[in-house]
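Novice: my questions concern the predicted model and sequence given below.
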Amino acid sequence: MNKFKLLLVLILFFSCSDNDEEISGNKGLYYQTILFDGLSRSYILYIPSSYDESENSPIVFNLHGGSGTAEEQMNYVSDMRNISDNENFILVYPQAHTDSNGIPIWNLGGVNSKATDVDDVGFISHLINKIAEFYSVDRERAYVAGFSNGGYLSFELACKLSSEVAAFASVAGHMFIDTYDNCSPTHPTPFLSINGTEDNYDGIAGYYLPIENSNSYWVEYNKTDIIPEVIYLEDQNTSDGSTVEYYSWKNGTNGVEIDHYKVIGGDHSWPSLNANSEKGKSNGDIDSDKIIWEFFSRFDINGLR
């Protein structure tokens, strides 16, 4: 996306906001702004048609990639609204703040990864608390999924906001070295990752951990089986130039597990059954949205439900 189009998207995004007080108890899609840490921050909130204020609902955060927007993530990368309606969870697409070049990017907070001075871990925590003021939120079932740079932040949230995050998922993302060095989770944490072998699978310059290393960190922390279950998934889309291997490390503390989808030949994308089948663009054998929710739904902050 060129800078003009990006600016237009952001202008539209920030201009379509409602006040929190206007959404209390209502269902549907809302473009919101909120003041946090001296900054006006934005997010898209979707309250499912199945929402019932007499019951506490899970909440899922879906984080866009670097230079992307919350609206792009919802409309073109990972639209989980139908799943939200069917499974009754509150869906949130937060918007990253911009760096000095005007590019939206999530800040991981480490010395090597610090893109801005924005506290994005605090922002997500603030959103959980704020949304819970207006809706019945199950505080033991807050989940985070992210794409690319949003995937990096999902690791950071699992490490630094462990008291709030029940499980997390990263698609085309890596665990950054600063996150790894300063990770301090407080409970067994289920983790799902989806990565293509042609997308820096073995890490980048010592800063972005190899996928094997980040998986190993959570396997060790969660005390799962050392040897994973391995399944070679059916090649449903033979024109996408990729196949998928599924790895699952089971029997962790409190029943948690680590799941990994290794996309052989896959690039930097969010796999989808409706994906562009052009070779190298995106894998079309798995439905990432469905996989992520089915994984999240099995766990709460105490482990296996």
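Specialist: Nice, I can see it. Numbering: from 1, shown residues only.

Novice: assign the closest residue to residue 196 other than its chain neighbours to helix, strand or coil.
Specialist: By the measure of CB to CB, 6 or more residues apart in numbering, the closest residue to residue 196 outside its immediate chain neighbours is residue 266, 2.7 Å from it. In short, each C-beta sits where N, CA and C put it, glycine included. Remark: residue 266 carries the secondary structure label coil [criterion: DSSP: H, G, I helix; E, B strand; the rest coil].

Novice: okay, now residue 266: neighbour count?
Specialist: Neighbourhood size, residue 266 [other CB atoms under 10 Å]: 27.

Novice: quick thing: my sequence starts at 52, can you match it?
Specialist: Sure thing, new numbering starts at 52, so read that last one as residue 317.

Novice: Provide a list of residues in contact with residue 166.
Specialist: With contacts defined as CB atoms under 8 Å, 6 or more residues apart in numbering, residue 166 is in contact with 150, 156-159.

Novice: show me the contacts for residue 295.
Specialist: Contacts for residue 295 were tallied using CB under 8 Å, 6+ apart; they are 283-284, 312-315, 317, 322, 334, 336-337.

Novice: ok so residue 184 is a strand residue?
Specialist: No. The assignment for residue 184 by three-state DSSP gives helix, which leaves it out of any strand.

Novice: surely the residue nearest to residue 247 is in contact with residue 249?
Specialist: Yes. If you go by CB atoms under 8 Å, residue 317 and residue 249 touch, sitting 6.3 Å apart.

Novice: ok, back up a step: now rank the contacts of residue 166 by neighbours and give me the top one.
Specialist: For the contacts of residue 166, the largest number of neighbours (other CB under 10 Å) sits with residue 157, at 30 neighbours.

Novice: specify the local secondary structure of it.
Specialist: In three-state terms, and counting by three-state DSSP, residue 157 is coil.

Novice: pLDDT averaged over stretch 265-284 - what is it?
Specialist: For stretch 265-284, the mean per-residue pLDDT is 98.

Novice: which other residues reach it?
Specialist: Surrounding stretch 265-284, the residues in contact under the criterion CB under 8 Å, 6+ apart are 206, 225-226, 231, 234, 236, 239-242, 244, 260, 294-304, 307-309, 311, 336-337.

Novice: before we move on, the earlier item: if I look at the residue nearest to residue 247, how far off is residue 141?
Specialist: The span separating residue 317 from residue 141 equals 30 Å under the rule CB to CB, to the nearest Å.
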